[in-house]
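Visitor: have a look; sequence and predicted model below, questions after that.
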Amino acid sequence: MDFMKKNWKGLLLCLAIALPSWFLGKALPVIGGPVFAILLGMAVTLILKDKTNLQPGITFTSKKVLQYAVILLGFGLNLSVILQTGKQSLPIILATITTSLVIAYVLHRVMRIPGKISTLVGVGSSICGGSAIAATAPVIDADDEEVAQAISVIFLFNILAAILFPAFGALIGFDTHSGEAFGIFAGTAVNDTSSVTAAASTWDSLYNLGTATLDKAVTVKLTRTLAIIPITLVLAIVRAKNLEEEEGNNVEFRKIFPFFILYFVGASVITTIAVNLGVPAGIFNPLKTLSKFFIVMAMGAIGLNTNVVKLIKTGGKPIFMGACCWAGITCVSLVMQRILGIW
């Protein structure tokens, strides 16, 4: 009762932002519900001058609901299928993730871009866009404006990839009788799942391939998603060491350990065991949908906590970083496909 009394107003506002954003995202999947929610949240916060009574619920949504979304994301991962069909793309995935993280780190040092923004952009570019940012933000204690900025950068290059990559794939000579090469390319070089789906579906439509490209791209993308686990654990260790250096005292690792990642792994294991025992995979679809909705709801809360003027003023360097990560991932994906004989 105390929880609802304290949080219900902010939760209701986040829900009111999430509902139209969800349906707009369905209508325009290239943009996606999370981006609509951030934009709507930023618009609402310009009108709401006093959010004192709303803030507890908004904060709960932007922090805890975001973690619940990541946990539920695990119910969309059948580990046995991913390990069987994702082996072909694994070297490419490892190469692209490494490339993005190295570029983000180098530009962070050279251009003095804030560390948390750099981490979020690097991880979001290399793993799975908004979901990776959602998983990483609590681990590094990023604030809502940093999350909003990273999501905005990822969104920009999602749109460009979804629009340009099908034409680019044809230009460089991907096999138009098969969806394998372009599916792997989309799955490794496009940031967010919605844009991977859009690009792969366009290729299928252009060359009458049914869902061959889409199936390949989504499997590769899900394989990339698993990188959330080691990345967040490493970041938690790094943060613990940094805090010890800053404070001069030993930091209890369990206080900053991302336990929600363990629940994410647990959800993946439950899904894998259940499906292997004959349970229809579709039974987990409601949980996967709820995960996506929670992300939209959390992004609405993040938008409510974001200063749009500050976001615009400080956005130049992160956008440049995002462009470099995107270009690096694209090039490495193509080179690795050449080396492996896929393209």
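Guide: Good, I have the coordinates.

Visitor: any regions of the stretch 101-250 of the chain where pLDDT drops low?
Guide: Residue ranges of the stretch 101-250 of the chain with pLDDT under 70: 247-250.

Visitor: again, only this time at 80
Guide: 128-129, 192-194, 242-250 (pLDDT under 80).

Visitor: ranges for the helices of it?
Guide: For the stretch 101-250 of the chain, the helices defined by DSSP state H, counting those that start in this stretch occupy 115-126, 130-140, 144-171, 180-189, 193-206, 212-225, 228-247.

Visitor: out of the ones you listed, which is closest to Trp8?
Guide: The closest of those to Trp8 is helix 144-171. By C-beta to C-beta, the value is 20.2 Å. Bear in mind the C-beta positions are built from the backbone N, C-alpha and C, glycine included.

Visitor: how about the nearest residue to Trp22, chain neighbours excluded?
Guide: Residue nearest to Trp22 in three dimensions, not counting chain neighbours: Gly33, with 4.9 Å by C-beta to C-beta, 6 or more residues apart in numbering.

Visitor: what about that neighbour, how many residues nearby?
Guide: Gly33: 28 surrounding residues under other C-beta atoms under 10 Å.

Visitor: now do the phi/psi pair for it.
Guide: phi -60, psi -40 (degrees, to the nearest 10).

Visitor: measure Val44 to Ala37 for me?
Guide: 10 Å (C-beta to C-beta, to the nearest Å).

Visitor: which residues do those two both contact?
Guide: By C-beta atoms under 8 Å, 6 or more residues apart in numbering, Val44 and Ala37 have these common neighbours: 17, 303.

Visitor: between the two, point out the one with more neighbours.
Guide: Remark: of Val44 and Ala37, Ala37 carries more neighbours, 30 against 16, as counted by other C-beta under 10 Å.

Visitor: which pLDDT value goes with the more buried one?
Guide: As predicted, Ala37 sits at a pLDDT of 91.

Visitor: okay, and it sits in which element?
Guide: helix 33-47 (DSSP states H and E).

Visitor: pull the contacting residues for the nearest residue to Gly315 once chain neighbours are set aside.
Guide: Spatial nearest neighbour of Gly315, excluding adjacent residues (C-beta to C-beta, 6+ apart): Gln149 at 6.4 Å. Going by C-beta under 8 Å, 6+ apart, Gln149 touches 117, 120, 311, 314-315, 318.

Visitor: which helices and strands does whichever helix or strand comes after the helix holding Ala37 pack with?
Guide: Along the chain past helix 33-47, the next helix or strand (assigned with DSSP H and E) turns out to be helix 55-60. Packing partners of helix 55-60 (3 or more C-beta pairs under 8 Å, 6 or more residues apart in numbering; DSSP states H and E): helix 2-27, helix 285-304.

Visitor: what angle separates the helix or strand following helix 55-60 from helix 212-225?
Guide: Next along the chain after helix 55-60, taking DSSP H and E as the criterion, comes helix 66-73. Orientation of helix 66-73 against helix 212-225 (axes from the mean of the first three to the mean of the last three C-alpha atoms, to 10 degrees) gives an angle of 130 degrees.

Visitor: what distance separates helix 66-73 from the centre of its chain?
Guide: Taking C-alpha atoms, centre = their mean, to the nearest Å, one finds helix 66-73 lying 12 Å from the centre of the chain it belongs to.

Visitor: mind listing residues that contact it?
Guide: Under C-beta under 8 Å, 6+ apart, the answer for helix 66-73 is 131, 134-135, 137-138, 225, 228, 260-261, 263-264, 267, 287-288, 290-292, 294-295, 298.

Visitor: same check, this time on stretch 198-216
Guide: 29-30, 161-162, 165-166, 169-170, 176-180, 182-184, 186-187, 190, 197, 217-218.

Visitor: ok so, going back, in CSV, list the contacts of Gln149 along with distance to Leu243.
Guide: Below are those laid out as CSV (distance: C-beta to C-beta, whole Å):
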residue, distance to Leu243
Ile117, 19
Leu120, 19
Leu311, 27
Thr314, 25
Gly315, 28
Pro318, 24
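
Visitor: what is the nearest of those residues to Ile97?
Guide: Leu120 (14.5 Å).

Visitor: how far away is the closest one from Thr272?
Guide: 29 Å.

Visitor: for Tyr263, same thing?
Guide: Distance from Tyr263 to Thr272, by C-beta to C-beta: 15 Å.

Visitor: narrow the contacts of stretch 198-216 to those that are buried.
Guide: 29-30, 161-162, 165-166, 169, 179-180, 182-184, 186-187, 190, 197, 217-218 (16 or more other C-beta atoms under 10 Å).

Visitor: Leu120 and Thr272 - which one has more neighbours?
Guide: More crowded of Leu120 and Thr272, by other C-beta under 10 Å: Leu120, with 27 against 18.

Visitor: hang on, the more buried one packs against Glu145?
Guide: No. Between Leu120 and Glu145 there is no contact under C-beta atoms under 8 Å: 11.1 Å.

Visitor: re earlier: how about the helices of the stretch 101-250 of the chain, which one is nearest Val332?
Guide: helix 180-189 (8.5 Å).

Visitor: now render the helices and strands packed on helix 55-60 as JSON lines, adding mean neighbour count, mean pLDDT and distance to Val335.
Guide: Output for these, formatted as JSON lines (neighbours: other C-beta atoms under 10 Å; pLDDT from 0 to 100; distance: least, C-beta to C-beta, whole Å):
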{"stretch": "helix 2-27", "mean neighbour count": "17", "mean pLDDT": "91", "distance to Val335": "33"}
{"stretch": "helix 285-304", "mean neighbour count": "24", "mean pLDDT": "91", "distance to Val335": "32"}
